[in-house]
Structure formats: structure tokens, C-alpha cells
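Participant: got a structure for you, letters missing:
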């Protein structure tokens, strides 16, 4: 098995990162807009997986980046894609929003 270039992170660990307001961490939701509007983590940027190929330059390579989706599958795919494009500080939120118990926002 190849070494993956990202780590898994639990929703609880993501919540702790958000509470610490670390400026060196970026949070990206890769679900589609309709899913995002149904409920997302406040302040998390939306870049749907379907747009990642053309928008990946919007993600700061110098920051740790946490990828978020519904169940953890699309965020894992996003980590695979980004790591193949030189990103190295990637984290996949395991279980996705299905396992998120923190604050959510709708808009």
C-alpha cells in the first residue's frame, strides 16, 4: 500500500481546531451547494468536489487543510486529488457531516 499524503481527523478534532481559531488551518467543504445549504460548519469554505480540479488553486498550500463532506468519501477523494497536485498538509474528516455534532449553519 502506498503511503497516503494526508491524515484522517475526527469530527471532534476538527471542532477543537475550530474552537482554537487557528489561522494556519483552512476548512473546505467539498459537498454540492444544495447539501452545503442544508447545513454546514460555520465559516467553512465551499469548493464542491466537482469543481476542485479548476478551483484547487484557491486552497493555500502553506496552511493545514481539512476536507469535509457528507460521509468522508468525497473528502478522501479531494485529499487524493490535492496530494497529487502538491498539497501536503491535508486532513480528511472521517465520517463527514454525518458524524458532526458541533454547530451548523444554514444559508
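Facilitator: Done, it's in. It should be emphasised that the depicted structure is a prediction, and the values quoted were computed from it without experimental measurement.
Participant: List the contacts of residue 18.
Facilitator: With contact set as Cβ atoms under 8 Å, 6 or more residues apart in numbering, residue 18 has these partners: 27, 41, 43, 102. The way it works is simple: take the backbone N, C-alpha and C, and place the C-beta from them, glycine included.
Participant: if we take the residues you listed, which one ends up nearest to residue 75?
Facilitator: residue 27 (10.7 Å; Cβ to Cβ).
Participant: hang on, that closest one packs against residue 14?
Facilitator: Yes - if you go by Cβ atoms under 8 Å, residue 27 and residue 14 touch, sitting 7.4 Å apart.
Participant: got any residues that touch both of these two?
Facilitator: 41, 66, 68.
Participant: Tell me the secondary structure of the second one, please.
Facilitator: I take that to be residue 66. Using DSSP: H, G, I helix; E, B strand; the rest coil, the secondary structure recorded for residue 66 is strand.
Participant: Please verify my assumption that it contacts residue 26.
Facilitator: Yes - between residue 66 and residue 26 there is a contact under Cβ under 8 Å: 7.2 Å.
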